[in-house]
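In: Sharing a sequence plus its predicted fold:
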Amino acid sequence: MSEFEKLKIVTKYELLKQFRRKRFYGVLAITIIALVLTIGLYKGLDLPGKMQQTIIDQRLENIRRQLPENMSEEMRENILAQAREYFLEELEQAGIRDSPEFFAVWVTSMGTLAILGAVFFGGDAIASEFEHKTGYILFPNPVKRITLVVGKYLACFIATAVILIISYLISAGALLGFYRQVPVGILGSLAIALMLACCVISIAFAFSSVLKGGMGATIATLLTFMMISPIISVGLSYAGYDPWFMPDRGADAIAATYGVSFEAFGGMYGGGAMMGGMMRASQDPTLSFLVLLAYAVILFQVSIWMAKRREML
Amino acid sequence: MTEAIAIKDLSRYYNNFLALDNLSLKVKRNEDVALLGPNGAGKTTALKILCGLLRPSSGTAYINGINVIEERERAISNVGAILETPEFYQFLTPEETLSYLGGLRGMRERGLKSRIKDVLKLVRLDKWEKVKIEKFSRGMKQRLAFAQALLHDPPILILDEPSLGLDPRGMMEIREILKEERKEKTVFFASHLLTEVAQVCKKVAIIDHGKLRVYDDIAHLKKKYRSFERAYLKLTEAEI
């Protein structure tokens, strides 16, 4: 029997395990609820209109403060009116307006909550064999450790991809319902989201192959991806470096495939150079895809190497 | 004739603790040999190395003449094993678990289904075939462990405390199965239960502090030391 046939068996039963667990349905439910709430928020509160208003008001306030005090009220109003028109046009051109693309940015970004699944599925994939002693049944079989790790990885990826694809289908359905069209950028967004899932599973596997417990590996993955990586990215942005190589920056590209310019957000929260720098980093989906791919491949190799060396003590 | 199991100068350190100290042992085909020793003697370490779960610090081990360290997958394809107190995937049923393991051992689907039914019947779990293992007691899991060890009808059984967690009836049943299996298989099993060893095996290897103290027929040891218990206590440096 070839290792490929064994790989199919490992993947099949690992996938069955994932589909039988409550956490799969938990992540699916959270993702769907978040999507529905986002759609409701976007449409119910006229999110693009409110955002335009907020950004323009903040920029006009900045201008108002810089105008000479002895300027006549009429001239002041004239300048502000012209500036308002200019900013509005700039935002419209940047894509900050109610459009299928802008709507897709919001809903598909929220759909990537499915990546949580990658953390939870991958975190205990290897560690649990040692922690819960199931390895005493699985490992004394004529199958290579690498086959087991690859099979587990594929199962985690497929389980995460199922949730991701469901969330993108809901997003596409909402786009069709509201705008009668689906932006082609949604495919690029899905591709980056799937690669992000690979990257996160690889991080989780690397921790899972080293740490004693699955919970520890899950928490370590969450901390790495949601705290450590963003903190380093912000630090680099403050220091004037473009953190394009950080995984969280790569993840931002999920929303960058629709042609909406995020630099227009630059003034929204009073952000200057840092915000601009961060947003620029997420503007190249191809680069982000490659960065995530590199993390996925390298960390997966690390996890295979560690898992092969690990003993059932 | 190649031995079913050959252990050569096997040593294993856990940091500075020497768990196995140059252990050498040969088990012929169709022999049934017990590995007996007090807690921490190195029994489980030896069995784990034989099943490729641990690497030795030095020495080597062979199964049917195949080096376990160098060709692990090929060597253990001849083995059915129970190690420590195994756990199973809670979300799967015994039928699914055995299908999974049977598949990994190269068993084809058609023969596998009937074999699963047979081994589950043998360990009296046939009525629990489709129940998720999360509902199983320790004893039921041990029976399932026994079923998976026998699943592919391996010529060699390596068993670590096979009756652990079983009630007296379960222990008796497992011993009966073992007695039956040993007629056609090599059985190498670790235990600290002298009565179990005496019932199931003809030969015993007593180890203590990782060293082989004696490897002989139980009948011969009984004769030499007046009883099997005395032999064990004498050889493991305890006093009556």
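Out: Cool, got the structure.
In: tell me the contacts of the closest residue to residue B:63 other than its chain neighbours?
Out: Nearest residue to residue B:63 in three dimensions, chain neighbours excluded: residue B:75, at 4.3 Å (Cβ to Cβ, 6 or more residues apart in numbering or on different chains). All C-beta spots, glycine's among them, are computed from the backbone N, C-alpha and C. Residue B:75 sits next to B:52, B:62-64, B:66-68 when contact means Cβ atoms under 8 Å, 6 or more residues apart in numbering or on different chains.
In: The same query, at a cut-off of 7 Å, please.
Out: With contact taken as Cβ atoms under 7 Å, 6 or more residues apart in numbering or on different chains, residue B:75 is in contact with B:63, B:66-68.
In: who wins for neighbours among those residues?
Out: Among those, residue B:63 has the most neighbours (other Cβ atoms under 10 Å in any protein chain shown), with 29 neighbours.
In: Which element, helix or strand, includes the spatially most central residue of chain B?
Out: Geometric centre of chain B, nearest residue: residue B:159, 1.2 Å, by Cα atoms, centre = their mean. Counting by DSSP states H and E, the element that carries residue B:159 is strand B:156-160.
In: Now the most centrally placed residue in chain A. Nearest residue, chain neighbours left out?
Out: Centroid-nearest residue in chain A, with Cα atoms, centre = their mean: residue A:251, separated by 4.3 Å. Among residues not flanking residue A:251 along the chain, residue A:196 sits closest, at 5.1 Å (Cβ to Cβ, 6+ apart).
In: burial count for that neighbour?
Out: Neighbours of residue A:196 (other Cβ under 10 Å): 29.
In: my guess is it meets residue A:292, correct?
Out: Yes. Between residue A:196 and residue A:292 there is a contact under Cβ atoms under 7 Å: 5.6 Å.
In: Closest to residue B:201 out of the contacts of residue B:75?
Out: For the contacts of residue B:75, the closest approach to residue B:201 (Cβ to Cβ) belongs to residue B:63, at 18.5 Å.
In: got a pLDDT number for that closest one?
Out: Per-residue pLDDT puts residue B:63 at 95.
In: cool, and the one 3 residues further on?
Out: Note for residue B:66: predicted pLDDT of 95.
In: Checking the nearest residue to it once chain neighbours are set aside next. Helix, strand or coil?
Out: Of all residues not flanking residue B:66 in the chain, residue B:75 sits nearest, at 4.1 Å (Cβ to Cβ, 6+ apart). Using DSSP: H, G, I helix; E, B strand; the rest coil, the structure places residue B:75 in helix.
In: and what of residue A:170?
Out: Going by three-state DSSP: residue A:170 is helix.
In: sorry, back to before: what sits in contact with each of residue A:196 and residue A:292?
Out: With Cβ under 7 Å, 6+ apart, residue A:196 and residue A:292 have common neighbours residue A:250.
In: Can you find the helix or strand in the chain with the smallest mean pLDDT?
Out: Reading this off chain A. When the helices and strands of chain A are scored by mean pLDDT, DSSP states H and E, helix A:273-281 comes last with a mean of 43.
In: Please refer instead to chain B.
Out: Scanning chain B with mean pLDDT, DSSP H and E, the lowest is helix B:168-181, at a mean of 85.
In: Chain neighbours aside, what residue packs nearest to residue B:6?
Out: That would be residue B:62: by Cβ to Cβ, 6+ apart, it lies 4.2 Å from residue B:6.
In: Surely that neighbour is within a strand?
Out: Yes. Residue B:62: assigned to a strand according to three-state DSSP.
In: roughly how far apart are it and residue B:69?
Out: Going from residue B:62 to residue B:69 by Cβ to Cβ, to the nearest Å gives 9 Å.
In: okay, these two: which has more neighbours?
Out: Shown here are residue B:62 and residue B:69; by other Cβ under 10 Å, residue B:62 has more neighbours (21 against 15).
In: which secondary structure elements does the helix or strand residue A:197 falls within contact?
Out: Residue A:197 belongs to helix A:185-210 when assigned by DSSP H and E. When contacts are defined as 3 or more Cβ pairs under 7 Å, 6 or more residues apart in numbering or on different chains; DSSP states H and E, helix A:185-210 packs onto helix A:100-111, helix A:115-123, helix A:145-179, helix A:214-223, helix A:247-252, helix A:285-309.
In: Thank you kindly, that will do.
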